[in-house]
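Colleague: Take a look and give me a structure for this.
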Amino acid sequence: MTRITDLSLLTGWLPVASTVLGIVGAVWLLLPRVRRYVTTIMPIVLLSAAVLTVALYLFVEEVWRPFPDPIAVSVYVLIGIAVAAVLLVLPRILVRRTVWTGLVTVLAAVVVLVAVGVRINLEYASYPTVGAALGVEQVDRVEPGELTRREQVVSARPLEPAWRKPGGLARDGRMLTASVPPTASGFAAREAQIYLPPAYFADPRPLLPVLVLLAGEPGAPRDWFVGGQLAETMDSFARAHDGLAPVVVVADGTGSQLANPLCLDSELGKVATYLAVDVPAWTRANLQIDPDPRSWAVGGLSYGGTCSLQLATNYPEVYPTFLDISGQDEPTLGDRQRTVDAAFGGDTEALLRVNPLDLLKSRTYPDSAGAFVVGAEDEVYRPQVERMYQAAKDAGMDVRLRILPGGHNFALWASALRDQLPWLATRLGLTP
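Modeller: Numbering: from 1, shown residues only. Below is the predicted model:
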């Protein structure tokens, strides 16, 4: 029997049922058999909801502009429906002043809000299951004190042929949360979320490769474990390879949920130094992994994808391998002038010196390799990814381009990691 927490919010009966119930709830809120409510009160409330939603749209998209790309209009429509449902609660209760009416009205508003939430989640696929939406973790945690170094290690390239799976090895990996101090950068990062595969806990311990992953914006490191289904993907790979999989360090590349420091060293913070110096130094000092840069890769989704190519072009000696999923062709706050003003005090040349597209035109990277992945329906990011793939190829990188079914959401990003993990494992020296 399927547990409630395992129910899918993206497929199956639950999204359909929530939509149907939401429609029923909306009908209750909109259509009481009272003339004054239908002709006067309800139009005023709906107009108010529309005005508030338009005001929110103008503030977010024209004034605040926290994201490089606009939020879909369909999401604002859903938000407007939610606002209307909330505003209709009190007038609807006052139409029939009974306890029964009040309870049903509140319940109707709740099911409308749930339906709206489910529909918005379908846009981004951020929460694949009920458990993910409720914050129920699917990965066992390990405390830092449990991480003891092994005297005996297995080291080879490729590693898999030299590895012998010991008896009693766990089926799944474990998750570690750790603060990576910004020793060189001073960047105020949130805690990193780290995946350690089953083989990491073996004795002797194989010296595993490292994949540094980055979330999008808005976003947090935890997003890779929730919408990105990181643990499930890595566990599945490990089961097929006797417990072997890369160690994955999901580092913080923004500093907060809504921040966009552009993954650069600029007036917005030294993010590049944090990710290229502090994160590798902490990882090598605290985790028993393969320290060879050939066994290291950086990757990410959306903002994180853009960031991965920034690091690969500016620090190829640290990250000679990268995975750019749905990235942009230039780090941006919406337009170049705004970006240059905020990050470099108006100095365009400062941006061009670190901008991946410009670096790919002026340098060659014969020792670097990368994968570009984007959704076929992603009309905004697909042309940008294709442009960067061609530029990387022209600069001598060993690159591949994969266009998968889907758009700009976690369903695509989770699929992209599964799709490219075998290539990454071979490139990083884990598998032949």
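Colleague: where does the nearest residue to residue 266 once chain neighbours are set aside fall, helix, sheet strand or coil?
Modeller: In this structure, residue 266 finds its nearest non-sequential neighbour in residue 343, 3.8 Å apart by C-beta to C-beta, 6 or more residues apart in numbering. Placement of C-beta: from N, CA and C, glycine included. Following DSSP: H, G, I helix; E, B strand; the rest coil, we place residue 343 in the helix state.
Colleague: Would you check how far apart residue 343 and residue 186 are?
Modeller: Applying C-beta to C-beta, to the nearest Å, the value for residue 343 to residue 186 is 16 Å.
Colleague: These two: which is more packed in?
Modeller: For residue 343 versus residue 186, neighbours defined as other C-beta atoms under 10 Å are more numerous around residue 343 (24 against 12).
Colleague: ok, so what distance separates the more buried one from residue 199?
Modeller: 41 Å.
Colleague: Could you do residue 127 as well?
Modeller: Counting by C-beta to C-beta, the gap from residue 127 to residue 199 is 30 Å.
Colleague: Looking at those two, which one has more neighbours?
Modeller: Using other C-beta under 10 Å, the more surrounded residue of residue 127 and residue 199 is residue 199, with 25 against 21.
Colleague: Run through the residues that contact the more buried one.
Modeller: 163, 165, 169, 205, 206, 208, 238, 242, 243, 244, 245 (C-beta atoms under 8 Å, 6 or more residues apart in numbering).
Colleague: Which stretches in the stretch 1-150 of the chain count as helices?
Modeller: Secondary structure of the stretch 1-150 of the chain (DSSP state H, counting those that start in this stretch): helices at 13-30, 35-36, 42-58, 73-95, 99-124, 130-134.
Colleague: same thing with the stretch 301-432 of the chain?
Modeller: Along the stretch 301-432 of the chain, counting by DSSP H, counting those that start in this stretch, helices occupy 303-314, 336-344, 348-352, 356-362, 382-394, 410-427.
Colleague: Output these as TSV; include the columns distance to residue 119 and mean pLDDT.
Modeller: Formatted as TSV, the helices of the stretch 301-432 of the chain follow (distance: least, C-beta to C-beta, whole Å; pLDDT from 0 to 100):
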stretch	distance to residue 119	mean pLDDT
helix 303-314	24	98
helix 336-344	32	96
helix 348-352	38	97
helix 356-362	35	98
helix 382-394	24	98
helix 410-427	15	98
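Colleague: where in this protein is pLDDT low?
Modeller: Within the chain, the stretches with pLDDT under 70 are 1-2.
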